[in-house]
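Peer 1: My questions concern the predicted model and sequence given below.
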Amino acid sequence: GATLTIAAGATIYASPVDTTGVAPALIIEQGGNIVADGTATSPITFTALNPEATSTSSVTSDTSSSSGTVVLETRGKWGGIIILGNAPTSAASYTANFIEGISGKPYGGTDPADSSGLMRYVRVWHGGAVIGADNEINGITFGGVGSGTVVDHCEVAFNADDGFEFFGGTVNVKYLSVLFGGDDSFDTDEGYQGKGQFLFT
């Protein structure tokens, strides 16, 4: 039932994955709300504590004004954001339905209009930590999130796994971008029935 409010312009730094493979992540559980209301000039940024460390990945520029390769910043340095709501999914049981990347946190229900809060002008960088075989954390994960939730102008960059993943739910999203992701930019599972508008990868 708690609400986490994050001020416009705030930067939240995550510590690295620990030695046991547990990755830091922000988890909004069922019944909780996030109010992260940034602006175009004062976005909210979630990033790693040490994002300046470089990786071996590089990309070749295709613009005429530059040449050579650019080193990409490191992916997978922390987890990401996971939002769990009470909207329908195609799973057979809600009480035993646990999201990937964490354990023991259910999602999904019977309220398609459920609200998990608001995310506007939010950036998630350097996330997607791999915590086990086929068990990564996406940049932003929506598990059974309802249409009462507002999501627009959000970006995931330098993520080791998917940018945005939707496990069922009915949340509508617009103006989302994914840059330099390591897996899918946008992924849907478990009967997602929301709408996406103005998606860039």
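Peer 2: Yep, that arrived.
Peer 1: any idea of the pLDDT on Trp78?
Peer 2: At Trp78, the model reports a pLDDT of 86.
Peer 1: Look up phi and psi at it.
Peer 2: The phi/psi pair for Trp78 (degrees, to the nearest 10) reads phi -150, psi -170.
Peer 1: Isn't it up against Pro24?
Peer 2: Yes. Between Trp78 and Pro24 there is a contact at 5.1 Å, judged by C-beta atoms under 8 Å. Placement of C-beta: from N, CA and C, glycine included.
Peer 1: Please enumerate the helices of this structure.
Peer 2: In order along the chain, the chain carries no helices (DSSP state H).
Peer 1: Give me the most central residue, it.
Peer 2: For the chain, the residue sitting closest to the mean C-alpha position, by C-alpha atoms, centre = their mean, is Ile140 at 1.0 Å.
Peer 1: When Trp78 and Pro24 are compared, which one has more neighbours?
Peer 2: Set side by side, Trp78 and Pro24 show more neighbours around Trp78, with 26 against 19, by other C-beta atoms under 10 Å.
Peer 1: Now that one: closest residue in space that isn't a chain neighbour?
Peer 2: Leaving out its chain neighbours, the residue that sits closest to Trp78 by C-beta to C-beta, 6 or more residues apart in numbering is Ala14, at 3.6 Å.
Peer 1: roughly how far apart are the nearest residue to Gly38 once chain neighbours are set aside and Val150?
Peer 2: Excluding the flanking residues, the one nearest Gly38 by C-beta to C-beta, 6+ apart is Tyr121, at 3.3 Å. Distance from Tyr121 to Val150, counting by C-beta to C-beta, to the nearest Å: 11 Å.
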